[in-house]
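Colleague: sequence plus predicted model, see below.
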Amino acid sequence: MLKIGVLISGGGTNLQAIIDNIDHGYINGKIELIISNREDAYGLVRGQKAGIETLYVNPKDFKNNQEYDLKLIKELKDREIDLIVLAGYLKILSADFIMEFKNRIINIHPSLIPSFCGDGYYGEKVHKGVLDYGCKITGATVHIVDEGTDTGPIILQRSVEVAENETVQSLQQKVLEIEHKILVEAIKLFSDNRISVEGRRVKIV
Ligand code: GRF
């Protein structure tokens, strides 16, 4: 059974999708720990309601990002976590963290990477970028996390159409629905041991 650690900063609807799909038996795994860098992240409440261990780690208690991540590494290693899921985690990970869990960290991003990703593209800014550019399609991407921002090998992508009367909020909602689906699918691929990373290409075996 796959031991999963989830890192969050916000509402946690992606986290909820993972919890639900483990409960229904779709994913053969267990969330051992949820960590948030924000005390008011509603995802912490979702975790507690599901009986999962949660941890708020306050960045102000550490002298820098590297020290902060050392704490996270320790907590995750103590629980022998196999896969780390960034589900709306808005803090940049240090090189140490990424090296420690190489090819075992995945992130969900609300656009079709390599469009509308990288520094500055988070939350509503992604969808505003899509609308301002006049794109007809957008989507979501699950990828392996490497040292860059949103640059790691792509595991799954799915598209949605941008309607004529689309707003940032309606697009965000539409994309969120497919985020939940492909994130859960990607975790299932990990739990079924079907992911192989060869350079930039992720093969589903
Ligand atoms: C999602 O759009 C995710 O792609 C982005 O942050 C949002 C988090 O939503 N990185 P939630 O906290 O899972 O509801």
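Modeller: Good, I have the coordinates.
Colleague: next, the closest residue to the ligand within the chain: secondary structure please.
Modeller: Nearest to the ligand, among the residues of the chain, is Gly88, at 2.6 Å (CB to the nearest ligand atom). Where you see a C-beta, it was placed from the backbone N, CA and C, and this is true even at glycine. Assigned state for Gly88: coil (three-state reduction, DSSP: H, G, I helix; E, B strand; the rest coil).
Colleague: close to the ligand, is stretch 156-172?
Modeller: No: for stretch 156-172, no contact with the ligand is found by CB under 6 Å from any ligand atom; the gap never falls below 7.0 Å.
Colleague: straight-line length of that stretch, end to end?
Modeller: End-to-end distance for stretch 156-172, by CA to CA, to the nearest Å: 18 Å.
Colleague: model confidence over it, on average?
Modeller: Computed over stretch 156-172, the mean pLDDT rounds to 98.
Colleague: repeat for stretch 29-45
Modeller: What stretch 29-45 shows for mean pLDDT is 98.
Colleague: do stretch 135-151 as well
Modeller: 97.
Colleague: could you give me the buried positions within that stretch?
Modeller: Judged by neighbour count (16 or more other CB atoms under 10 Å), stretch 135-151 contains these buried residues: Cys135, Thr138, Gly139, Ala140, Thr141, Val142, His143, Ile144, Val145, Asp146, Thr149, Asp150.
Colleague: so which of those residues are in strands?
Modeller: Thr138, Gly139, Ala140, Thr141, Val142, His143, Ile144 (DSSP state E).
Colleague: partners of the last one in the sheet?
Modeller: Using DSSP bridges, the bridge partners assigned to Ile144 are Ile106.
Colleague: show me the contacts for it.
Modeller: Ile144 makes contact with Asn103, Ile105, Ile106, Gly152, Pro153, Ile155, Val197, Val202, according to CB atoms under 8 Å, 6 or more residues apart in numbering.
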